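*Asks:* my questions concern the predicted model and sequence given below.
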Amino acid sequence: MYRIVERRQLVPDTHLLVVEAPHVARKVQAGQFIILRPHDEGERIPLSVADWDRDAGTVTSVFLEAGASTMQLAKLQPGDTLPTYMGPLGTVAEVERVGTVVCCGGCYGIGALLPIVRAHKEAGNEVICILEAHSSWLLYWVDRHREVADQVHVVTSDGSAGDKGLSFDILQQRFDAGQPIDAIHAIGCTFMMERNSLAALAKQTPIRITLNPVMVDGTGMCGGCRCVVNGERKFACVDGPEFDGREVDWTALVERRKSYRAQEIASLQQYESRGFLGSSAAVETLGERDE
Ligand code: FES
């Protein structure tokens, strides 16, 4: 069992989770993720790693309450335990000394971006962060990014903090102004990563993105996280989660996410009616879809 050291809401619907998991803390690197279960009968939840403390043996994630399983997770308190905490999983972020790197984060991705920003700085790059949110009250960890990055731009859809717009507006402005960008990293919702990837593609600039598809086993066996990259079938849990954003088939990715909507709604209804989410048929049918 894995003890929760801290679980608190950072901003509405977005939570910090710190778990005692020395086996993960010892080895985890930027870009990797873990899979946990909130209780014995719970579904598996993949979460990007946002920080770690190797001495204390703790691992930090930032997660969004996006469905029944993450709602259950958001109810847990410090001292509670998790039956499953697998990791570190996935590939390590591709980081090398290239010059100027723009790192874009939105939603849960503001947290997940931090180790990548740190890795780019340690590699000797100039790092410019663009942190986006719909409004000022949904921003968090701006100071933590300022401690690491050379510059931090804040951008909000309603203009209540920083510039008005979204991260790809700032990225496009930098491109249009001829400011140097040697590489880009983006983590956030699918729309944000797609738009930043299209901007990068137009300028032939490398961009790495971190996909967040539905995952079940995290070992490449169930097929739940299948995606298409450079025309080939890939599994985000073992081949990613990080890919070249210019090569991702974004249309196929969005369609695939939609195909799980019925199961997600069923899980939510089960949770709302019983206040409990067991190992539902929703999960069991994922494998059948991929055969
Ligand atoms: S979660 Fe990737 S194949 Fe199962």
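*Replies:* Noted; the coordinates are in hand.
*Asks:* and residue 55, how close does it get to the ligand?
*Replies:* Taking Cβ to the nearest ligand atom, to the nearest Å as the measure, residue 55 falls 31 Å from the ligand. C-beta coordinates here come from the backbone N, C-alpha and C atoms, glycine included.
*Asks:* count the neighbours of that residue for me.
*Replies:* Residue neighbour count, defined by other Cβ atoms under 10 Å, stands at 8 for residue 55.
*Asks:* test my guess that residue 131 contacts residue 152.
*Replies:* Yes. With contact defined as Cβ atoms under 8 Å, residue 131 and residue 152 form a contacting pair (6.5 Å).
*Asks:* find residues that contact each of these two.
*Replies:* For the pair residue 131 and residue 152, residues contacting each of them under the criterion Cβ atoms under 8 Å, 6 or more residues apart in numbering are 142, 145.
*Asks:* of these two, who's got more company?
*Replies:* Neighbours of residue 131 and residue 152, each counted by other Cβ under 10 Å, are more numerous for residue 131; the result is 28 against 20.
*Asks:* got a list of what the more buried one touches?
*Replies:* Contacts of residue 131 were listed using Cβ under 8 Å, 6+ apart, and they are 104-106, 110, 113, 139, 141-142, 145, 152-155, 162, 167.
*Asks:* and the helix or strand containing residue 9, what's buried?
*Replies:* Using DSSP states H and E, residue 9 maps to strand 2-11. Residues of strand 2-11 classed as buried by neighbour count (16 or more other Cβ atoms under 10 Å): 2, 4, 5, 7, 10, 11.
*Asks:* where's the fifth one relative to residue 48, distance?
*Replies:* Between residue 10 and residue 48 the computed distance is 14 Å (Cβ to Cβ, to the nearest Å).
*Asks:* tally of neighbours for the residue in the stretch 51-200 of the chain positioned nearest to the ligand?
*Replies:* When scored by Cβ to the nearest ligand atom, the stretch 51-200 of the chain has residue 89 as its residue closest to the ligand, at 9.1 Å. The number of residues packed around residue 89, counting by other Cβ under 10 Å, is 19.
*Asks:* same thing with residue 252?
*Replies:* Each residue near residue 252 was counted by other Cβ under 10 Å, and the total is 14.
*Asks:* now residue 116
*Replies:* The criterion is other Cβ under 10 Å. On that basis, residue 116 has 28 neighbouring residues.
*Asks:* swap in the one 3 residues further on?
*Replies:* Here the number of neighbours of residue 119 (other Cβ under 10 Å) works out to 23.
*Asks:* next, it: phi, psi?
*Replies:* With angles defined as degrees, to the nearest 10, residue 119 sits at phi -60, psi -40.
*Asks:* contact partners for it?
*Replies:* Here residue 119 is in contact with 29, 30, 31, 93, 95 (criterion: Cβ under 8 Å, 6+ apart).
*Asks:* write the PyMOL selection for whichever of those residues are buried.
*Replies:* Command for PyMOL that selects the buried part of the contacts of residue 119, burial taken from 16+ other Cβ under 10 Å:
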select buried, resi 30+31+93+95
